[in-house]
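Peer 1: Below is the sequence, then the predicted model.
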Amino acid sequence: MVVRKALSGRLREKIALVTGAAQGIGAGIARAFADEGATVWVTDINEEGAKTVAAELGEQHRAAFLDVGDEGQWIATIAAVIAEHGRLDILVNNAGITGFEQGSGPHDPEHATLDEWHRVHRVNLDGTFLGCKHGITAMRRTGTGSIINMSSRSGLVGIPGAAAYASSKAAIRNHSKSVALWCAQQGTKIRCNSIHPAAILTPIWEAMLGEGRTASRKWRRWSRTRPFAGSAPSRRWRR
């Protein structure tokens with residue numbers, strides 16, 4: 001059993017649910033929340049990966065399969081959280097795809113297919129909408145909570161070769177404002193914010209960068225014009 005020591009304890013006794021948390025940014029968020037004392041529900045379509053992360057965090061944490069584009073699964077997952085803990089304090093809508101995971105493309109505004117457009121928006125935008133919808137309802141039990149939606153720098157400036165991804169991230173930014181205003185108008189203390197990171201070297205980039213020398217060459221070329229976090233890719237990808 002892994003025992004993790006809380007840092008400041010700012011999230012002590014808080015119940016948090018993080019989507020897309022089997023790897024990358026989501027796994028990092030789950031670890032950070034656990035370090036601050038929260039009980040974390042690690043959710044992902046990669047259930048085994050979610051279980052691995054949850055086991056790393058410790059016995060009090062949970063893992064669950066969650067396809068964020070499926071409303072029925074949101075209802076069931078939120079119900080499980082409420083049944084066990086009686087409330088939900090933090091929701092991070094982090095799950096997202098670029099659209100290149102299955103080797104499809106191109107995704108420029110002229111040639112992207114409608115099916116690919118819908119597939120990206122189903123995960124990134126529909127998933128965020130459904131998370132907010134059912135997260136708000138769950139948080140009404142206490143009248144307070146924090147919803148954090150993962151947008152992107154791409155939602156601010158666009159990407160010519162990834163139009164669906166950029167569109168979905170721009171919509172997440174705007175929807176977060178609508179959620180925040182709605183919760184305020186309802187007299188709750190439920191907050192909603194969006195985060196807009198630049199490119200971070202996580203497995204989501206594998207489909208675009210490739211591996212080995214090819215990835216290194218692309219990384220060096222791209223990093224001349226794009227703000228990246230992390231170092232150049234090595235033989236093994238960062239989480």
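Peer 2: Nice, thanks for sending it over.
Peer 1: Please count neighbours and contacts with C-alpha atoms only from this point.
Peer 2: Noted.
Peer 1: okay, the most centrally placed residue in the chain: pLDDT?
Peer 2: Against the mean C-alpha coordinate of the chain, by Cα atoms, centre = their mean, the closest residue is N94 at 0.9 Å. Listed pLDDT for N94 reads 98.
Peer 1: And F228, by the same measure?
Peer 2: pLDDT recorded at F228 is 49.
Peer 1: Against which helices or strands is the helix of greatest length in the chain packed?
Peer 2: Ranked by residue count under DSSP state H, the longest helix found in the chain is helix 163-185. Under the contact definition 3 or more Cα pairs under 8 Å, 6 or more residues apart in numbering; DSSP states H and E, helix 163-185 sits against helix 114-121, helix 127-139, strand 144-150, helix 154-157, strand 189-195.
Peer 1: Please work out which residues outside the first one touch it.
Peer 2: The contact list for helix 114-121 (Cα atoms under 8 Å, 6 or more residues apart in numbering) reads 96-99, 107, 164-165, 168.
Peer 1: coming back round to it: compare the mean pLDDT across the helices and strands packed on helix 163-185 and name the weakest.
Peer 2: What stands lowest among the helices and strands packed on helix 163-185, in mean pLDDT terms, is helix 154-157, with a mean of 89.
Peer 1: Name the surrounding residues that touch that one.
Peer 2: Contacts of helix 154-157 (Cα under 8 Å, 6+ apart): 165-171, 173, 196, 198.
Peer 1: 10 Å - rerun?
Peer 2: Helix 154-157 is contacted by residues 160, 162-163, 165-174, 196-199 when judged by Cα atoms under 10 Å, 6 or more residues apart in numbering.
Peer 1: picking up where we left off before, and the residue nearest to the centre of the chain, what does it touch?
Peer 2: By Cα under 10 Å, 6+ apart, the neighbours of N94 are 18-21, 24-27, 29, 44, 68, 124, 127-128, 131, 148-151, 195.
Peer 1: how near is it to I29?
Peer 2: 9 Å (Cα to Cα, to the nearest Å).
Peer 1: Kindly point out which residues are neighbours of both of those two.
Peer 2: Looking at what touches both N94 and I29 (by Cα under 10 Å, 6+ apart), the common residues are 18-19, 21.
Peer 1: element containing I78?
Peer 2: helix 71-85 (DSSP states H and E).
Peer 1: which non-adjacent residue is nearest I75?
Peer 2: In this structure, I75 finds its nearest non-sequential neighbour in H134, 7.0 Å apart by Cα to Cα, 6 or more residues apart in numbering.
Peer 1: Which of the contacts of helix 114-121 sits closest to R10?
Peer 2: Of all the contacts of helix 114-121, R10 sits closest to G96, with 27.1 Å by Cα to Cα.
Peer 1: Contacts only, for the nearest residue to the closest one once chain neighbours are set aside.
Peer 2: Nearest non-adjacent residue to G96, counting by Cα to Cα, 6+ apart: N124, 4.8 Å away. N124 makes contacts with 68-69, 93-98, 118, 149-151, 164-165, 167-169, 171-172, as judged by Cα under 10 Å, 6+ apart.
Peer 1: Likewise for A95?
Peer 2: Applying Cα under 10 Å, 6+ apart, we find A95 in contact with 18-22, 25-26, 43-45, 66-69, 123-125, 127-128, 149-150.
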